[in-house]
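[1] Fold the following, please.
(one chain, ligands or ions: 2)
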Amino acid sequence: MINVGIVGGTGYTGVELLRLLAGHPNAQVSVITSRGEAGTPVADIFPNLRGIIDLEFTVPDVKILSACDVVFFATPHGVAQSMMSELIGSGVRVIDLSADFRIRDIPTWEHWYGQTHGCPELVETAVYGLPEVNRAEIAKAQLVACPGCYPTATQLGLIPLLEHNVVDPSRLSVSAASGVSGAGRQGKLDNIFSEVGESFKAYAAGGHRHLPEIEQGLREVQPSVATPAEVTFVPHLLPMIRGIHATLFAELTDTNVDLQQLFESRYRQEPFVDVLPAGSHPQTRSVKSSNMCRIAVFRPQGRKAITVLSVIDNLTKGASGQAIQNMNIMFGFKENLGLEAAALLP
Ligand SMILES: NC(=O)C1=CN([C@@H]2O[C@H](COP(=O)(O)OP(=O)(O)OC[C@H]3O[C@@H](n4cnc5c(N)ncnc54)[C@H](OP(=O)(O)O)[C@@H]3O)[C@@H](O)[C@H]2O)C=CC1
Ligand SMILES: CC(=O)N[C@@H](CCC(=O)OP(=O)(O)O)C(=O)O
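    Numbering: from 1, shown residues only. Ligands and ions are numbered 1, 2, ... in the order given. Got it, this is the predicted structure:
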């Protein structure tokens, strides 16, 4: 049994970590932090955990966290990097759900996140936690940087095409829509029910902070091509609680490829990527609260322009589920431990 600490326990990814870890046979949460709710029982904030998680929130304290086997950061950008040197120095393994250690180029990170990086020396040591690409490195890592939600759905949908060099990497487009929980639990007027209900909008169309992360990930699976992957990325806000639907557009350079077969063979061994039969359209509700990514690929009218549809739950495969998948890999557990439950329907 490993001891788990969670920094940022009162947020949406924090409560999703608690829900999933409550059913994990090899992990036990021993520390859960909140600055605002220190001393409050977890079940007072999250009634779904009453009788299941018998802990109180405590203020974040590196010394206490250092006694854990693994610490998850479910905090806004900039927090993990402020505590990371001391934690890593103590030998504890860390899984960061924020973007602090995802982007290798520090000036790029500072540009998109609008702050000076507080721990640049550890960025190179972090392993990007997309198991479908980096499983072997994740197993050995002390620090894992979990991918963002949109980058997870997008990369899983485009990687097979780029790995096999069958599309033009300079002509990739992504139109993706997220449920409102993607914006976190801290109240913002833009995200309250009466502001988002019965409406649909794009945002950050001029440039979203997930763009450099998506391009970095796609370029790394195509290290020796002349034209590096370039993506147009437009996110949208959907008036639902959980889920991401990403519609990905690419242009074939090899028109003889069997796309269905390419995707099926790439993901046949993957426990959390499901390639749907030809002609199927994945729905966000088919992955709600599960760690699965469901993908479908189309070549309309047999032309060069192709479309990939990719759905995940932003809080599960897009955040806390993938973080636990990474924990399982790091500690040598079966990869789907604690993550076997089917999606919640209806
Ligand atoms: N929501 C999503 O779908 C996804 C989120 N992520 C990332 O995961 C991280 C958490 O997201 P989410 O759960 O939505 O965020 P929330 O806003 O819902 O929760 C943030 C948590 O962090 C704590 N916190 C805030 N500031 C600090 C600080 N300075 N020091 C210590 N703790 C702090 C808060 O508690 P308190 O203030 O009481 O300490 C709270 O528990 C973010 O980096 C987010 O970008 C990644 C993928 C998907
Ligand atoms: C709907 C919504 O607002 N989504 C968030 C992205 C989700 C997130 O938390 O970003 P990370 O994956 O980088 O941690 C946004 O667009 O900023």
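
[2] Please save the CA atoms from the helix or strand of the chain with the lowest mean pLDDT in CSV.
    When each helix and strand of the chain is scored by mean pLDDT, DSSP states H and E, helix 193-196 comes last, with a mean of 93. Taking Å, rounded to 0.1, in the frame of the first residue of the first chain, the C-alpha atoms of helix 193-196 are listed here in CSV:
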residue,chain,number,x,y,z
PHE,A,193,-25.0,28.3,-15.0
SER,A,194,-27.0,31.4,-16.2
GLU,A,195,-24.0,32.6,-18.2
VAL,A,196,-23.1,29.4,-20.0
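
[3] what about that helix, near ligand 2?
    No. Helix 193-196 stays clear of ligand 2 (Cβ under 6 Å from any ligand atom), getting no nearer than 9.5 Å. Quick note: C-beta positions are derived from backbone N, CA and C, even for glycine.

[4] which helices and strands sit right next to the helix or strand following that helix?
    Downstream of helix 193-196, the next assigned helix or strand under DSSP states H and E is strand 201-202. Using 3 or more Cβ pairs under 8 Å, 6 or more residues apart in numbering; DSSP states H and E, the elements in contact with strand 201-202 are strand 231-237.

[5] before we move on, back to that, list of residues touching the least confident helix or strand of the chain?
    The contact list for helix 193-196, computed with Cβ atoms under 8 Å, 6 or more residues apart in numbering, reads Val180, Leu189, Asp190, Leu237, Pro239.

[6] got it, and stretch 213-222?
    The set of residues external to stretch 213-222 that reach it, using Cβ under 8 Å, 6+ apart, is 99, 102-105, 128, 130, 133, 147-148, 150-151, 154-155, 158-159, 162-163, 165, 169, 172, 174, 228-231, 233.

[7] How many residues are close by Ala74?
    Neighbour count of Ala74, defined by other Cβ atoms under 10 Å: 30.

[8] which one is the residue in the stretch 1-150 of the chain that ligand 1 sits nearest to nearest to, not counting chain neighbours?
    For the stretch 1-150 of the chain and ligand 1, the shortest gap (Cβ to the nearest ligand atom) falls at Gly11, measuring 1.9 Å. Once flanking residues are discounted, Gly11 sits nearest to Arg185: 4.9 Å by Cβ to Cβ, 6 or more residues apart in numbering.
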